[in-house]
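>>> A structural model of the following input is requested.
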Amino acid sequence: MAFSIARDSSLVTAIGLAVALVAIVGTQVFGWEWGSGQLVPTAIGVGVAVIAIFVVLARRG
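Numbers count the residues shown, from 1 in each chain. Model (predicted):
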């Protein structure tokens, strides 16, 4: 039951679209780049990676 959020494909798709939007806006408006030493893009990337691992493991069952 705790992993039911990861099985809801609509929610996972919405999260993915939100992350993509943040990445596009961050790159175009704020000048975020990987490896530039900025904390915000790195923190967002690490957070998204953790969520992706959680979703994959929850779907494997």
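>>> pLDDT of the helix or strand hosting residue 45, averaged?
Assigned by DSSP states H and E, residue 45 belongs to helix 39-60. For helix 39-60, mean pLDDT is 84.
>>> Centre of the chain to that helix, how far?
Centre-to-centre, helix 39-60 and its host chain are 5 Å apart (CA atoms, centre = their mean, to the nearest Å).
>>> just checking, what packs against that helix?
helix 4-7, helix 9-29 (3 or more CB pairs under 8 Å, 6 or more residues apart in numbering; DSSP states H and E). Heads up, the C-betas are built off the backbone N, CA and C, glycines and all.
>>> per-stretch mean pLDDT over these, give me the minimum one.
Note on the helices and strands packed on helix 39-60: helix 4-7 shows the lowest mean pLDDT, a mean of 62.
>>> rewinding a little: in TSV: the helices and strands packed on helix 39-60, plus distance to residue 55 and mean neighbour count.
Output for the helices and strands packed on helix 39-60, formatted as TSV (distance: least, CB to CB, whole Å; neighbours: other CB atoms under 10 Å):
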stretch	distance to residue 55	mean neighbour count
helix 4-7	4	13
helix 9-29	6	12
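>>> Skipping adjacent residues, who's closest to the residue nearest the centre of the chain in space?
Nearest to the mean C-alpha position of the chain, counting by CA atoms, centre = their mean, stands residue 48 at 2.9 Å. With CB to CB, 6 or more residues apart in numbering as the criterion, residue 48 has its nearest non-adjacent residue at 5.3 Å, and that residue is residue 19.
>>> any idea how far residue 49 is from that neighbour?
Distance of residue 19 to residue 49, given as CB to CB, to the nearest Å: 11 Å.
>>> Quick check: neighbours shared by those two?
Shared contacts of residue 19 and residue 49, defined by CB atoms under 8 Å, 6 or more residues apart in numbering, are absent.
>>> Just say helix, strand or coil for residue 37.
At residue 37 the chain is in coil, as set by DSSP: H, G, I helix; E, B strand; the rest coil.
>>> how much space is there between the residue nearest to residue 48 and residue 13?
Plainly put, residue 19 is 11 Å away from residue 13 if you go by CB to CB.
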